[in-house]
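In: A predicted structure for the sequence below; I have some questions about it.
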Amino acid sequence: MEVLSRLLRRLPRAANFSYHPKCVQLNLTHLVFADDLLVFIRGDLPSVKAVADCLDTFSHFSGLHANPSKTDLYFGGVAETVRDLILDATGNALLVNSVIFGLHTFWGASVLLPKGIAKRIIKLCKDFLWGIDDGWISTYVLKGTSLWDAQQTVSNSWYWNNMKYRTDTMYGYLRTRRPLVPWAPLIHGTGSHPKHSFTGMLVMNNGLPNLDKLISRGMCFINRCVLCECSYEDIPHLFFECEFSKSVLIVVAQWVQMPLGSFSLAQIMQTNLPTRRNVKQHASLLATIYYLWKERNDRSFKGPKSTVDALSIVIRKVVTLRLYGSNVS
């Protein structure tokens, strides 16, 4: 097969040979899988004769011949008159009967392949089809676009056109859809830093690993707030029943003129939904949550302790930099 492969690679040198339209940029004439061969050419008589001559040359030197009973021709977009001429000229003697993973299937059924070799074979097959820069699909189907932006066309196969549709449908089916929570606009509004928004979302979903939660999992045995050192630590206490966190919130709220009807985080979230006029309040509230949680972690792991004024200044500077791109005096 190596000799035949070399002969087929020389086909483009023949003046009467033309590449298959989908194989020009890849300079692809054929694929060999075990004892099967696929040949790709333009659907015209001169190209077919060039391949037939190549097979005859190989048969003359090797004594091997293509088995007509195991040979198939596949046409696409070829006029019926041209197809009849090709069939008459070749006697249906082109061996094109395989699939892209034929090599892996053949050897896998015959011998026990090492895991590394099996992965390498699969990777080669996938790279041929899905290579980022020079794969067949990226070159002739996607044509520089992404899978999600590719449009359905009549030149693509039915399977390909329906694969994208089914992928979109499956994503919509698997995606969990839940009612919008009241505090969602505050978390996903504009102005705040992504890590501040993420921490705020964890707080509202009770997702932070506070001491109350760690004790319930048997990972901790002492529950004492490290910020005020006088109460149990849970989410409601940290935000903002704790005297330390409450004091920080009051200072920040005075700076951004945010009204505080209570110190319940849920109520604060619902009464301070973001608008164009209170982006600063929204960003400051989420920054306060983030830096209080950071302060809690610093103290838990023997880090430095910040005062209420020091932590408030940090929050003020970070929010100002985020919103206006300049520091404050």
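Out: Looks like it came in fine.
In: what sits against the closest residue to residue 315 other than its chain neighbours?
Out: Once flanking residues are discounted, residue 315 sits nearest to residue 287: 4.9 Å by CB to CB, 6 or more residues apart in numbering. To be clear about C-beta, it is placed using only N, CA and C from the backbone, and glycine gets the same treatment. Counting by CB atoms under 8 Å, 6 or more residues apart in numbering, residue 287 touches 192, 193, 196, 252, 315, 318, 319, 322.
In: can you check residue 193 too?
Out: Contacts for residue 193 (CB under 8 Å, 6+ apart) come out as 283, 286, 287, 290, 318, 322.
In: change it to 10 Å
Out: Residue 193 makes contacts with 199, 283, 286, 287, 290, 318, 319, 321, 322, as judged by CB atoms under 10 Å, 6 or more residues apart in numbering.
In: for residue 27, same thing?
Out: Shown in contact with residue 27 (CB under 10 Å, 6+ apart): 9, 12, 19.
In: shouldn't the second one be in contact with residue 26?
Out: Right, residue 12. No: using CB atoms under 10 Å, residue 12 is not in contact with residue 26; the gap is 11.9 Å.
In: Residues in contact with both of these two, list them for me.
Out: Taking CB under 10 Å, 6+ apart as the criterion, residue 12 and residue 26 both touch residue 19.
In: Got the domain ranges for the protein?
Out: With domains defined by automatic domain parsing, the chain comprises 2-90, 184-324.
In: can you pull out the strands in the stretch 1-150 of the chain?
Out: Here the stretch 1-150 of the chain has its strands, by DSSP state E, counting those that start in this stretch, at 30-33, 36-39.
In: average model confidence for the last one?
Out: The pLDDT scores in strand 36-39 average 86.
In: remind me which residues of the stretch 151-300 of the chain are low pLDDT?
Out: 154-175, 189-190, 270, 272-277 (pLDDT under 70).
In: can we see that at 80?
Out: Along the stretch 151-300 of the chain, segments meeting pLDDT under 80 span 151-178, 180, 182-183, 185-186, 188-191, 220-221, 266, 269-277.
In: hey, which helix is longest across the protein?
Out: Longest helix of the chain, by residue count under DSSP state H: helix 279-300.
In: Show me which parts of the next helix-or-strand element following it are buried, residue by residue.
Out: Later in the chain than helix 279-300, the nearest helix or strand by DSSP states H and E is helix 308-324. Across helix 308-324, burial judged by 16 or more other CB atoms under 10 Å covers 308, 311, 312, 314, 315, 316, 318, 319, 320, 322.
In: Please convert those to JSON lines, extending it with pLDDT and distance to residue 235.
Out: Formatted as JSON lines, the buried residues of helix 308-324 follow (pLDDT from 0 to 100; distance: CB to CB, whole Å):
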{"residue": "308", "pLDDT": "96", "distance to residue 235": "20"}
{"residue": "311", "pLDDT": "96", "distance to residue 235": "19"}
{"residue": "312", "pLDDT": "96", "distance to residue 235": "21"}
{"residue": "314", "pLDDT": "96", "distance to residue 235": "22"}
{"residue": "315", "pLDDT": "96", "distance to residue 235": "19"}
{"residue": "316", "pLDDT": "95", "distance to residue 235": "25"}
{"residue": "318", "pLDDT": "94", "distance to residue 235": "23"}
{"residue": "319", "pLDDT": "93", "distance to residue 235": "23"}
{"residue": "320", "pLDDT": "92", "distance to residue 235": "28"}
{"residue": "322", "pLDDT": "89", "distance to residue 235": "25"}
